[in-house]
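Asks: build me a structure from this.
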Amino acid sequence: MSGPSLVYALCAITSTACAVLLVRSYLAGRVRLLLWSALCFVGLALNNVILVIDRSILQDVDLSVLRGATGLAAVSVLLFGLIWESR
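Replies: Residues are numbered from 1 along each chain as shown. Purely as a prediction, here's the structure:
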């Protein structure tokens with residue numbers, strides 16, 4: 001495994017771990033801001049997994065549009081949650 005592929009894999013593992021911890025924390029306390037953060041990190045973890053697949057496994061296929069869409073959706077969910085909870 002090359003250097004960049006290792007970094008991509010570590011980023012995917014880290015964001016997945018953050019998503020799991022946020023989901024567990026939301027289920028324990030039912031704080032809605034944790035829900036929005038958890039959903040965002042689930043999307044970011046998916047984005048990082050797609051990045052690993054795009055850069056390491058399927059090098060001849062361009063998945064940049066899919067990666068961009070999942071990143072945008074993840075951040076949009078968090079932005080929506082922040083606006084919704086500020087009311």
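Asks: what sits against residue 62?
Replies: The neighbours of residue 62, taking Cβ atoms under 8 Å, 6 or more residues apart in numbering as the test, are residue 54. (Glycine included, C-beta is placed from N, CA and C.)
Asks: from residue 48, how far out is it?
Replies: According to Cβ to Cβ, to the nearest Å, residue 62 stands 17 Å off from residue 48.
Asks: repeat for residue 22
Replies: Going from residue 22 to residue 48 by Cβ to Cβ gives 15 Å.
Asks: ok, now residue 1?
Replies: Computed as Cβ to Cβ, the residue 1 to residue 48 distance reads 15 Å.
Asks: the two: which has the busier surroundings?
Replies: Ranked by neighbour count (other Cβ atoms under 10 Å), residue 1 and residue 48 place residue 48 first, with 22 against 8.
Asks: quick one: that one from residue 8, how far?
Replies: Counting by Cβ to Cβ, the gap from residue 48 to residue 8 is 7 Å.
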